[in-house]
Each structure stands twice: as C-alpha cells, then as structure tokens.
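**Q** next comes the sequence, and after it the predicted model I'd like to discuss.
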Amino acid sequence: MDRNTGSPPVADAPRPWQMLLLATTGFALCFWAWALLAPLGPRLRDDLDLSSFEQSLVVAVPVVVGALGRIPAGALTDRWGARRVFPLVAALTILPVLYLGHLADSLVEVLAGGFLLGLGGTAFAVGVPFVNAWYPPARRGVALGVFGIGTGGTALSAFTTVQLADAVGRAFPFDLVAGCLAVYAGAAWFLLRDRPGRATATGSLLSRTALAVRTPATWQLAFLYAVSFGGFVAFSVYLPTYLTRAYDLGRSDAALRTAGFVVLAVAMRPVGGWLSDRIRPVPVLTVSYGIVSVCALVAAFEADLAPVGTAAFFGMAAGLGAGSGAVFALVARLVPAERVGSVTGVVGAAGGLGGFFPPLVMGAVDSVAHDYTWGFVLLALTATAAGTLAATAVRRRARATADA
C-alpha cells in the first residue's frame, strides 16, 4: 500500500509531492493574475479620476467573480478531475490579463476586464479536491496548508506590479503574467494527473452543488472561511489604498508593506494546517480568531506604524493565515471525499465574498466619515463571532463526526 494515499502502488505513478508542487504553482500563478489590479488601485484612481468607492469597486470585482466561480469550478473538478480543469482555468485567465494590460482605459472597460479576471480566483476550488485526494486524512491538513501557499500569488503581485510598471511600462506586468500562465497551462496538461481510483462524483452540476449546499457542515465552514480567507483577501486588495490614505505612504512603500502582510499570512497557512493535524482544527481556529479580534481593535485607533500599527497588522496576518489553513483541515475531516470539490466551491466562494465586502465598506466609510475606525471594529466583532462559532457548534459537529 502507498503510505501517502492509502492505495495500492501504481507503476510509474506520480508522487503526491510532485502533484502538490504542480498544483501549488498553478494556484500561485492564477492568484498572481487575480490580484493584478489591487496594487494599481491608487494609480487607477488618479488616471481615471475615480472616487474612493469606485476605486474599491475596481479592486473588489475580480474578488467576487472569482468567489462565485469557485462553486461550478469545484463541482466540475469533482466530476472531470483537476487534470482537465486546471489547465483550462490557467489558459482562459490569459485573455482578461492581456485585455487589461493593453486595451482597457476607462472605468467601464477596467470593470469588464476585472470581471473576467475573476476566473483566476477559481483555481482554489480546483486544487483543494485534487490535493485532498492525493493525501491520507492524517496528512491533509499540512498538505492543504502547503497548497494554500499559492495565495502568495497576491504577494508576487504586490511586490512586482507597481515596480515593473514604473521600470518597464504599464503593460509589462500583465504580459509577464500572461506568459507564465501560458507556460503553466501547457505543462499542467502534460504533467498533472488525478490520483488513480479517486472518488468521482455522479449526477449533474446542479444536483452536486445542491447536495453540497445541503451538507450540514457547509455553512458553518463557509462562515469561518469568509472571515479568515475573506479577511486576508480584503487586506491584500485594499491595504495599499488604506496605507496611502491613512498614513500618507507612497505607492511603492504601501505595496511593499502589503506584500509583507501577505507573505506572513501565506506562511502561516501551512502552520495552521500542521497544527490542525496535531491538536485538531477547532482549537487552532478559536485562538486564530481571538488574535484577529484583538489586533483589529488595536488597528482601529490608527496608532503609529512603528511599532504598534505594524505589530497589529502582522498579528492579523498571522491569525487570518493560520485560520485559513485550519478551516480546510476541518473540511477534510467533515466532508466525504466525493463531495470535497463541491463543498470547497461553496466554502471558497464564501471566502472570496468575505473579501469583497470589506473594501467596499472601508471605501464607503472613508468617503463619508474620513475615518476607518468602524471598519476595524466590525472586523473585530466578526472575528469574535467566528471564534465563538468554532468553539461551540463546530466543536460539537467535529466530535460527532469523529464518533460516527
């Protein structure tokens, strides 16, 4: 028996770590594309004469489309396998990337391109069931946490987009990402393999999605992920704008600080999965949301960035990252294998939607009150609610599933 998959060995079969590496790479590249507009938010605001709300809308549209697109993407992966769906998602994402880099020059056109760019965000729902199938339950937490490192594609965007646009030209970051996606789509088509004997869903896309929605654990997991991953996405897309307006930082400085936030959150995701494999996901979630709540209250006072403000943002990054890793360690424990893709689609959609609303709220609060305090207070209250849910109802469900 293969100790990694629990299945009989297959001659010349790919190793789980090879498939995990391929999936993580594709996830990172798709997320890099998905996050291209966020670092350019301040520049688009000036170039297109946007209001705070319009700027928030530009960076939020790819988030919500990518979120909702995860529902069919996860269900399709349960049926067709990531071997087909992953290269397709990567290839199709090239089109909006090139459109935004070379053709879009008005608010309407940027919004249209951002809408299609959301396709890159669906890669998450393709990779989770793929990785889940390749690893046994005792190792899925850390494996899915490693896959979650692909969210670092947003860090690549934050680190490079503004700098490359300034140094080479506005279109260059988009051309670079399009080229990387093209190479990956071709490589994935030839190298990616679904695990032999994986559980395959039956029935129509609609029926599988409906079954996922009716799965009792789905909505609890969806809320938890909306807070953890949604918070991460919200900060990754809106933090450059917040830092430039609240602290008068330059665009490049704000982008680099955002990249630091993203890197820490991404690094904590496999840590959250690893801890979940060893001490169970619920305690990890409870502590993570507690940290986020406390740090959000500190950030609400807009203390100086050095050191209190920076410590608060880094604390939120650590809590959100570890919480995201723990949620999907919990998915692997509560959801039957043949439904992981469909449930991941719904839970992943909730995470993306969780990242859609905070930038709009922060932009609206800034436009009306010229103060971000209430946005952070709402985050603290929401994180407290998530921690309470994890410590009560989710804990009881996890125990009942373990005893079944």
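**A** On my side now, so go ahead. Values in this document were obtained by computation on a predicted structure and should not be read as measured data. Numbers count the residues shown, from 1 in each chain.
**Q** who's in contact with residue 328?
**A** Counting by CB atoms under 8 Å, 6 or more residues apart in numbering, residue 328 touches 128, 141, 144-145, 148, 225, 273, 344, 347. The way it works is simple: take the backbone N, C-alpha and C, and place the C-beta from them, glycine included.
**Q** within the helices and strands, which one has it?
**A** In the assignment (DSSP states H and E), residue 328 maps to helix 310-334.
**Q** pull the distance from that helix to the chain's centre.
**A** Centroid separation for helix 310-334 versus its chain: 11 Å, with CA atoms, centre = their mean, to the nearest Å.
**Q** residue 121: what's it in contact with?
**A** Residues near residue 121 by CB under 8 Å, 6+ apart: 30-31, 34, 62-63, 65-67, 69-70, 352.
**Q** could you redo the last one with a cut-off of 7 Å?
**A** For residue 121, the contacting residues are 34, 62-63, 66-67, 69, 352, by CB atoms under 7 Å, 6 or more residues apart in numbering.
**Q** and the gap between it and residue 33?
**A** With distances defined as CB to CB, to the nearest Å, the gap from residue 121 to residue 33 amounts to 9 Å.
**Q** with residue 275 instead?
**A** The separation that residue 275 has from residue 33, given CB to CB, amounts to 31 Å.
**Q** what's the answer for residue 343, then?
**A** Between residue 343 and residue 33 the distance, using CB to CB, works out to 25 Å.
**Q** check residue 375 too.
**A** Distance of residue 375 to residue 33, given as CB to CB: 27 Å.
**Q** circling back: okay, the contacts of residue 328 in TSV with distance to residue 94 next?
**A** Supplementary listing: the contacts of residue 328 in TSV, determined by distance: CB to CB, whole Å:
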residue	distance to residue 94
128	23
141	33
144	27
145	28
148	24
225	28
273	31
344	24
347	27
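**Q** neighbours around the closest residue to residue 113 other than its chain neighbours, how many?
**A** Counting by CB to CB, 6 or more residues apart in numbering, residue 100 is the residue found nearest to residue 113 once chain neighbours are left out, at 4.0 Å. The tally of other residues near residue 100 (other CB atoms under 10 Å) stands at 27.
**Q** any idea which helix or strand carries residue 100?
**A** Following DSSP H and E, one finds residue 100 within helix 82-102.
**Q** please identify the buried residues of that helix?
**A** Within helix 82-102, the residues that qualify as buried by neighbour count (16 or more other CB atoms under 10 Å) are 82-91, 93-94, 96-101.
**Q** how about low-confidence regions in the chain?
**A** 1-13, 199-205, 402-404 (pLDDT under 70).
**Q** kindly recompute the last result at 50.
**A** Within the chain, the stretches with pLDDT under 50 are 1-11, 404.
**Q** for residue 244, give me its contacts.
**A** For residue 244, the contact set (CB under 7 Å, 6+ apart) comprises 42, 251, 254.
**Q** over to the closest residue to residue 81 other than its chain neighbours: give its phi and psi.
**A** Counting by CB to CB, 6+ apart, residue 81 lies nearest to residue 194, which is 4.0 Å off, once chain neighbours are set aside. Per-residue torsions, residue 194: phi -70, psi 150 (degrees, to the nearest 10).
**Q** for residue 194, what are its contacts?
**A** Each residue near residue 194 by CB under 7 Å, 6+ apart is listed here: 81-83, 130, 133.
**Q** I'd like the next helix or strand past the helix or strand hosting residue 278.
**A** Counting by DSSP H and E, the secondary-structure element that holds residue 278 is helix 251-279. From helix 251-279 onward toward the C-terminus, using DSSP H and E, the following helix or strand is helix 281-300.
**Q** buried ones in that next one?
**A** Buried residues in helix 281-300, counting neighbours by 16+ other CB under 10 Å, are found at 281-282, 284-300.
**Q** try stretch 240-255
**A** Neighbour-count burial for stretch 240-255, counted by 16+ other CB under 10 Å, picks out 240-246, 249, 251, 254-255.
**Q** and that stretch, C-alpha only, in PDB?
**A** Provided in PDB are the C-alpha atoms of stretch 240-255 (Å, rounded to 0.1, in the frame of the first residue of the first chain):
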ATOM      1  CA  PRO A 240      -2.300  49.600  -0.400                       C
ATOM      2  CA  THR A 241      -5.200  52.100  -0.600                       C
ATOM      3  CA  TYR A 242      -5.600  52.200   3.200                       C
ATOM      4  CA  LEU A 243      -1.900  52.900   3.800                       C
ATOM      5  CA  THR A 244      -1.600  55.600   1.200                       C
ATOM      6  CA  ARG A 245      -4.700  57.400   2.600                       C
ATOM      7  CA  ALA A 246      -4.400  56.800   6.300                       C
ATOM      8  CA  TYR A 247      -0.700  57.100   6.700                       C
ATOM      9  CA  ASP A 248       0.300  59.100   3.500                       C
ATOM     10  CA  LEU A 249       2.700  56.500   2.300                       C
ATOM     11  CA  GLY A 250       4.000  56.400  -1.200                       C
ATOM     12  CA  ARG A 251       2.600  53.800  -3.600                       C
ATOM     13  CA  SER A 252       5.700  51.600  -3.700                       C
ATOM     14  CA  ASP A 253       6.100  51.700   0.100                       C
ATOM     15  CA  ALA A 254       2.400  50.800   0.600                       C
ATOM     16  CA  ALA A 255       2.700  48.000  -1.900                       C
END
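**Q** so what's the gap between that stretch and the chain middle?
**A** 22 Å.
**Q** same check, this time on stretch 235-244
**A** Using CA atoms, centre = their mean, the distance from the centre of stretch 235-244 to the centre of the chain it belongs to is 16 Å.
**Q** what sits against residue 125?
**A** Contact analysis of residue 125 by CB under 7 Å, 6+ apart lists 70, 73-74, 77, 341, 344-345, 348.
**Q** which residues of the stretch 301-404 of the chain fall in helices?
**A** In order along the chain, the stretch 301-404 of the chain carries the following helices (DSSP state H, counting those that start in this stretch): 310-334, 340-369, 373-389, 395-403.
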